[in-house]
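In: Next input, structure requested:
(2 chains)
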Amino acid sequence: MTDTMTVTGAAALAAAARPWTTGTERPFVRIDRITKKFGDFTAVDQVSLDIFKGELFCLLGGSGCGKSTLLRMLAGFETPTSGKIEIDGQDMAGIPPYDRPTNMMFQSYALFPHMTVEKNVAYGLLRDGVHKSVVRDRVAEMLKMVQLHTLAGRKPHQLSGGQRQRVALARSLVKQPKLLLLDEPLGALDKKLREETQFELVKIQETLGVTFIVVTHDQEEAMTLSTRIGVMNAGRIIQVGEPPQVYEYPNSRFVADFVGTVNLFEGRVIEDEPDFIRLAVQDLPVTGEGSGAASAGGAGQIYVGHGVSCTIDQPLWYAVRPEKMRLSRHASDAPNSYPVWVEDVAYMGNLSVYRLKLPGGRYLLASKANLSRYEEDTISWGEHAWVSWDDTAGVVLTQ
Amino acid sequence: MRASTLLLVFCIAGFIFLYAPIVSLIVFSFNENKLATVWSGFSTQWYVALFQNAQILGAAWISLKVAVVSATLASILGTLAAYVLVRFGRFRTRSLLTGMSAAPLVMPDVITGLSLLLLFVAMEQAIGWPAGRGMTTIIIAHTTFCMAYVTVVVQSRLSDMDESLEEAAMDLGARPARVFFDVTIPVIAPALVAGWLLAFTLSLDDLVVASFVTGPGASTLPMVIFSKVRLGVSPDINALATIIIGIVALGVFVASVLLRRKPTRA
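Out: Residues are numbered from 1 along each chain as shown, chains lettered A, B, ... in the order given. As a prediction, this is how the structure comes out:
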């Protein structure tokens, strides 16, 4: 299967900051085999998740994968068909939204249109019967934190999208909830503002020490924000892990494809040794190298530089990311090297993405960081070239 | 003739067809002559005469009371009905209830009036209430058919409203009743006012239903006008009609302005 799940770079982080690695700390949010059915449709299917105090956990998935339904069950807007939710040791069954220790930031922001910014933020505190003078101070403090204190008297329709987003955030944080649920918190912002707000959100989360659960369909957002990501599909959690783990060690074709861009090959094991395996891949051209050329039966080969528990002739998938590939004019001595024709180059500023055509007609994507401002002899479209990658560049997937 | 000219002619003809009678009525309300159809000079004497006519003033007062009470009742009931239809998801009899709550919109007045009259008579025999017929029965009858209009108006506003507003309030600690008064009512307020105004004008207008369910001593303004006109058109009726047109036009205008305002999404 996949090799051992160690994330080298993250090892520098103290284990205390990553309680999911130790298994000794009690989880703050415990989702235990939660299922939600709407008629015949199963929106959330037997999901179990442990989320720890102070985490910024992202639920990542496409539309209709059940991530929002899961969030709404945590907030109390939906009742689970079966299963149990525990927040800070308290069973949430039968507890209505207005009695839960959670607050939610809605995708539409759901600011009350007839109230000023100040009244919007104060609403939650007033419902708790907090004294008016305390409310005024807390609201002022909160608005200052999101830099909206000068706009306290405005109505929501007099604000820009980014300002509304911050009002919504202030309103959901002012009650100092144990758990903050955010439904696509940055979805309605434009790209530039989204990137700025991402960092602001992380900063606020770290300052207040509130546990965040964020629902998003944007994998970049999930990568930037989260301590851990839960990738969902069709109502199930497919993989849970820290961002580098999910990106570099996806556990399935779905995750590999959903998080980032990937070149996926379907292959068959032709050589199974303790420290390497060889796959025969129909889509790849025969390059004449490698000892197993004959047994590949006319198919190209991929050399994987580590042992995989598999059997000969077992079908497997191999995923390699565009940035792990190299492009050169001549055949390289890398274990995996194939001739290609450059069909197209997309220049994106920081990197260039190459669309490569293999002799068999299959397309690959390779990317190259544009490290210098001026390159004389760069490979361009319409050229013949060689693409290659290391024997540790890709991931072998069984499902 | 060019198409645009033709269009203009049709347009003007249409407006004349619709509004010539009303304009002539307004003009003749300022007529000096005692004969309602012969112009002899400008005067406001019929307005003065109108305000000295105790019968008409009494009827106007009854009409006003009926309109205010029934519009208010219809607004409350219609809003509740709309809330159930929009917010309670799909329940078994939802489409039936939707259809039934809108049915009075297309029901002929004669049938509404007759069926209500039969109901009131049967109820009086069975439970002794409402005792006899008069203002109470008119109010109930008007509430019944006005409610349908309020339901339709409020329903469309409610389904436009972002449901997460209510969820946000609940999430912040407000119980459902609190949410309804803090968030739902203010957001749908324009539709409530529009619905009320619509109900008010409809009640003020109604002749047929009121005629069926009224009793001695409770004659609404349209009933008094109708009975007077049967004895010949007197100029003070023109004055009265002009005032009513003014009130109704204002009501409809305000209602349509309020309804055109889109809910502000934030």
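In: which regions of the stretch 1-150 of chain B sit below the pLDDT cut-off?
Out: Counting by pLDDT under 70, the stretch 1-150 of chain B shows low-confidence ranges at B:1.
In: got the contact list for the residue in the stretch 251-399 of chain A that chain B sits nearest to?
Out: Here the stretch 251-399 of chain A gets closest to chain B at one residue, residue A:258, 26.5 Å apart by C-beta to the nearest C-beta. All C-beta atoms are positioned from the backbone trio N, CA, C, and that covers glycine. For residue A:258, the contacting residues are A:60-62, A:219, A:231, A:233, by C-beta atoms under 8 Å, 6 or more residues apart in numbering or on different chains.
In: Same list (these) but as JSON lines, adding secondary structure and neighbour count.
Out: JSON lines is the format used below for those (DSSP: H, G, I helix; E, B strand; the rest coil; neighbours: other C-beta atoms under 10 Å in any protein chain shown):
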{"residue": "A:60", "secondary structure": "strand", "neighbour count": "28"}
{"residue": "A:61", "secondary structure": "coil", "neighbour count": "27"}
{"residue": "A:62", "secondary structure": "coil", "neighbour count": "12"}
{"residue": "A:219", "secondary structure": "helix", "neighbour count": "20"}
{"residue": "A:231", "secondary structure": "strand", "neighbour count": "26"}
{"residue": "A:233", "secondary structure": "strand", "neighbour count": "19"}
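In: Show me which pair in those is furthest apart.
Out: For these, with distances taken as C-beta to C-beta, the pair at the greatest spread is A:219 and A:233 (12.8 Å).
In: Quick check: nearest residue in space to residue 67, chain neighbours excluded?
Out: You didn't say which chain, so I picked chain A. Counting by C-beta to C-beta, 6 or more residues apart in numbering or on different chains, residue A:67 lies nearest to residue A:59, which is 4.2 Å off, once chain neighbours are set aside.
In: my bad, the chain I had in mind was chain B
Out: Closest residue to residue B:67 apart from its sequence neighbours, by C-beta to C-beta, 6+ apart: residue B:203 at 4.0 Å.
In: sec struct for that neighbour, please.
Out: Three-state call for residue B:203 (DSSP: H, G, I helix; E, B strand; the rest coil): helix.
In: likewise residue A:109?
Out: coil.
In: Go ahead and confirm it touches residue A:167.
Out: Yes - Residue A:109 lies in contact with residue A:167 (C-beta atoms under 8 Å); the separation is 7.3 Å.
In: Touching both of these two, which residues are there?
Out: residue A:156.
In: Name the helix or strand for residue A:47, please.
Out: Element membership for residue A:47 (DSSP states H and E) is strand A:41-51.
In: now what about that strand, what contacts it?
Out: Here strand A:41-51 has contacts from A:20, A:27-37, A:57, A:66, A:69-70, A:73, A:80, A:83, A:211, A:213, A:230, A:232, A:234-237, A:240, using C-beta under 8 Å, 6+ apart.
In: at 7 Å instead, please
Out: A:27-36, A:57, A:66, A:69-70, A:211, A:213, A:230, A:235-237, A:240 (C-beta atoms under 7 Å, 6 or more residues apart in numbering or on different chains).
In: Which neighbouring elements make contact with the strand or helix carrying residue B:11?
Out: Using DSSP H and E, residue B:11 sits within helix B:3-29. Using 3 or more C-beta pairs under 7 Å, 6 or more residues apart in numbering or on different chains; DSSP states H and E, the elements in contact with helix B:3-29 are helix B:235-260.
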